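# dropping a prediction and its sequence here:
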Amino acid sequence: RVVYSSAIDAYCRCGEVNGAYQIYEEMVKQGHAPNVVTISIFVNALAKDGKYHEAECIIENSFDGSWELDTIAYNTYIKAMLDSGKLYSAVSIYNRMISLGVQPSLQTVNTMISVYGQGGKLDKAVQMFKSAQSLGLSIDEKSYTNMISYYGKAGRSQEAFILFTKMKENGMRPGQISYNTMLNAYAIAGRHHEAENLFEDMKSDGHPPDSLTYLALIRAYTEAHEFCKAEEAAHRMQKEGISPS
RNA sequence: AGCUUUAUCUGAG
């Protein structure tokens, strides 16, 4: 069964969902019942392929009580609903998971932060972020970056920066993505002075700016109506040989 | 054997 499931996964990763399905049929014909892993693989592949409706059908059918869905299966389902934009379904699957006593993992938390963040429910996202501690999960750089991003999108750059600071206090070195995300939070809020400072910190911290770094910096200036500085930054980017995204 | 290769832009829902 492991061999069949792995083969199905391999087909899916090549975008050959149909080939995967043939293996699936053969597997069933040989008397090997599909298990939770097989289902997760299919749901994941269908969702990545944009076939959300089919993914949802499999998910719904798997709720008939005959499956012992585990943490990864629920994570896969929640992610599929997030990607399809069905945030309400994502939440309801999460609630189901909790009420059935399935342990959330850090990935569950990170995905749910995105679900709430994209749904504009920043307070819920924060709640999720904080709940990680009580679940005994240690927040990673992704969790912080995710939260920083949503604070930023809500125009709350000061709270974003508090998290950015806390991340460093907890011994995590922000990488390029974290810096870009924090920079973007300042950009949305038009805080160009803070953005400039962070831009310098980023470089001295050993992270070379990329096109997204400059995009954020330029946006910080334009949001603040500092158009000359925006143009300067754009020139500096070109001079450094970075092509715009 | 399966789940965030997470950040930036525009539009649709």
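Received it, and whenever you're ready, just let me know what you need.

# next, count neighbours for A:Gly120.
13 (other CB atoms under 10 Å). C-beta: built from backbone N, CA, C; applies to glycine.

# now do the SS call for it.
coil (DSSP: H, G, I helix; E, B strand; the rest coil).

# with the one 10 residues further on instead?
Using three-state DSSP, the structure places A:Lys130 in helix.

# and it, how close does it get to A:Met172?
Distance, A:Lys130 to A:Met172, using CB to CB, to the nearest Å: 17 Å.

# can you check A:Glu226 too?
Distance from A:Glu226 to A:Met172, by CB to CB: 32 Å.

# again with A:Phe63
A:Phe63 is 37 Å from A:Met172, by CB to CB.

# same deal with A:Phe227?
36 Å.

# what about these two, which has more around it?
Taking other CB under 10 Å, A:Phe227 and A:Met172 do not tie; A:Met172 has more neighbours (16 against 11).

# list the contacts of the more buried one.
Contact analysis of A:Met172 by CB atoms under 8 Å, 6 or more residues apart in numbering lists A:140-141, A:144.

# cool, A:Ala20 as well?
Residues near A:Ala20 by CB under 8 Å, 6+ apart: A:7-9, A:11-12, A:41-42, A:45.

# nearest to A:Thr76, out of these: which one, please.
A:Ile41 (8.5 Å; CB to CB).

# buried set for the helix or strand in which A:Glu196 is found?
Using DSSP states H and E, the element containing A:Glu196 is helix A:192-204. Residues of helix A:192-204 classed as buried by neighbour count (16 or more other CB atoms under 10 Å): A:192, A:194-196, A:198-199, A:202.

# what is the nearest of these to A:Lys51?
Comparing the buried residues of helix A:192-204 against A:Lys51 with CB to CB places A:Met202 closest, at 39.5 Å.

# quick check, pLDDT for that closest one.
You'll see A:Met202 listed with a pLDDT of 94.

# so it versus RNA strand B, what's the distance?
Noted for A:Met202: a distance of 11 Å to RNA strand B, by CB to the nearest atom of the strand, to the nearest Å.

# also A:Ser99?
Look at A:Ser99 and RNA strand B: by CB to the nearest atom of the strand, they are 19 Å apart.

# pLDDT score for A:Glu169?
With respect to pLDDT, A:Glu169 scores 91.

# so A:Pro34, which of the three states?
Going by three-state DSSP: A:Pro34 is coil.

# equivalent analysis for A:Val43, please.
helix.

# how many neighbours does it have?
24.

# show me what contacts it?
A:Val43 touches A:55, A:58-59, A:73, A:76-77, A:80, counting by CB under 8 Å, 6+ apart.
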